[in-house]
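A.B. asks: 3D model of this:
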Amino acid sequence: MAVITISRQIGAGGWALGRRVAKRLAYQYVDEVMIRDVADKIGVSPEDVRAFEKDGATKLMKFLDKVVSKEFISRIISDRYRIVDEEKYVGVATTIIKELYERGNAVIVGRGGQYILKDLPEVWRVLLVADLDTRIHTVMDTFGLSGPDAEKVIRERDRSRTNFLSFFAEKERHNDPHSYDLAINMGCVSMGKAELMIIDLVSQ
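C.D. replies: Numbering: from 1, shown residues only. Next up, the predicted model:
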């Protein structure tokens, strides 16, 4: 019933590695895009949520059906829990991640999972970093960007990550290896090797 949280710098391969680890362990894979999608769309009107439920085929509702309790859905769509600012969004993301923890066997990429699940049993917190050149090339390959555009995206995402994680801890801690169970420099370690390192960590 373990849960793995992966915190990463953009361009360090967090999404790809998270998928690989989840597949290898037969765990549920949840990335920050899915959590943000849920949290953002839960902020719409109850009528829109009911429309999502009626359709039953959207990515959002499939995700909710799998990982979030019915009680949570009913509670979160009420006016009292509407998302109107970043602080409330953080609260929703926190609740979603705690729901995932209760279910167990999940790989969670991003959204402050390393802080939200801190000190809980059977949680393994992983940090992925890489040098700027490695990150630029990864972003170029992933999104088809030029070098300068890739570097611009990296710097913007780094600022966004720092701002978001500052809701949970001082910014100096975000890449501090002491805040994690395992830190991997993806500029020096291959994707396959990193996968084995995480599997070995969880399997002990």
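
A.B. asks: please, where are all the strands along this structure?
C.D. replies: Along the chain, the stretches classed as strands by DSSP state E are 3-8, 28-31, 106-109, 123-129, 182-185.

A.B. asks: using CSV, write down the CA coordinates of the first one.
C.D. replies: The reference is to strand 3-8. Provided in CSV are the C-alpha atoms of strand 3-8 (Å, rounded to 0.1, in the frame of the first residue of the first chain):
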residue,chain,number,x,y,z
VAL,A,3,2.7,5.8,-2.1
ILE,A,4,5.5,7.4,-4.1
THR,A,5,5.7,11.2,-4.5
ILE,A,6,7.9,12.6,-7.2
SER,A,7,9.0,16.2,-7.0
ARG,A,8,11.0,17.4,-9.9
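
A.B. asks: what are the phi and psi angles of residue 110?
C.D. replies: In this entry, residue 110 is assigned phi and psi values of phi 80, psi -170 (degrees, to the nearest 10).

A.B. asks: give me the pLDDT for it.
C.D. replies: At residue 110, the predicted lDDT confidence score is 84.

A.B. asks: worst average pLDDT in the strands of the chain?
C.D. replies: It's strand 28-31: among the strands of the chain, that one has the lowest mean pLDDT, namely a mean of 86.

A.B. asks: ok, back up a step: could you export the strands of the chain as a markdown table, including mean neighbour count and distance to residue 93?
C.D. replies: Any C-beta I mention is one placed from the backbone N, CA and C, and that applies to glycine too. Formatted as a markdown table, these follow (neighbours: other CB atoms under 10 Å; distance: least, CB to CB, whole Å):
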| stretch | mean neighbour count | distance to residue 93 |
| --- | --- | --- |
| strand 3-8 | 27 | 12 |
| strand 28-31 | 20 | 11 |
| strand 106-109 | 27 | 10 |
| strand 123-129 | 22 | 16 |
| strand 182-185 | 18 | 23 |
